[in-house]
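Visitor: What follows is a predicted protein model with its sequence.
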Amino acid sequence: MTAEDELWVFGYGSLMWRPGFYFDEQVPGLLKGAHRSMCVYSIHHRGTEDRPGLVLGLDRGGACRGVAFRVRPGHEDDTMVYLRKREQTTFVYRETFRPVQLLDGSTRRIHAVCYLVDRQHTQYAGRLSLEDQTGIVAASRGQSGANTEYVLNTVRHLEDAGVHDPMLAGLAARLLR
């Protein structure tokens, strides 16, 4: 298999700490042109239709440090089926391939599957105040568990990877009070 045939997936939130697919390599990566944002109302995984939660999306502009996963050869089709089931429940994300710079000391630049938020979707929350984010997250729970757990796990895994996200860290600090 050549490098062009490899399937890479870019994780910036829960995919970082719960990928759910087989991979052979996990490398810090930088995606340019989109940033991590608590901008998606969650009506399944971390909330309900009656009480939506709030989860991360890749919103346009800026850059995002996350993790690039090289999918184990032979598992590409299963991985895409899994990701579409997980990430495309309500089609709030647009599946696309974007260049990602690997931050492993090499000069490798790969194309990875990324899920960018669709700003036209009804679940797009836009930019909410920290106070509004805290209230939504603290009160929400969905099929995948408490919304607070999602935020705290994401912050912990970002920090373990050497990434400090001031917005998420501020939200986590408020949730822990």
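Guide: Everything's here; your move.
Visitor: Give the ranges of residues in the chain that sit below the confidence cut-off.
Guide: 1-4 (pLDDT under 70).
Visitor: hey, where'd the helices end up in it?
Guide: With DSSP state H as the criterion, the chain has helices at 14-17, 76-87, 130-138, 147-160, 166-176.
Visitor: Next, format these as CSV and append mean neighbour count and distance to residue 60.
Guide: No exception for glycine: its C-beta is placed from N, CA and C like everyone else's. Shown next, in CSV, are the helices of the chain (neighbours: other Cβ atoms under 10 Å; distance: least, Cβ to Cβ, whole Å):
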stretch, mean neighbour count, distance to residue 60
helix 14-17, 20, 19
helix 76-87, 15, 18
helix 130-138, 17, 19
helix 147-160, 19, 20
helix 166-176, 15, 16
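Visitor: Please produce CSV containing these, extended by distance to residue 57.
Guide: Listed next are the helices of the chain as CSV, based on distance: least, Cβ to Cβ, whole Å:
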stretch, distance to residue 57
helix 14-17, 12
helix 76-87, 10
helix 130-138, 13
helix 147-160, 12
helix 166-176, 13
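Visitor: Quick check: chain neighbours aside, which residue is closest to residue 139?
Guide: Sequence neighbours aside, residue 51 is the residue nearest to residue 139 in space, at 6.4 Å (criterion: Cβ to Cβ, 6 or more residues apart in numbering).
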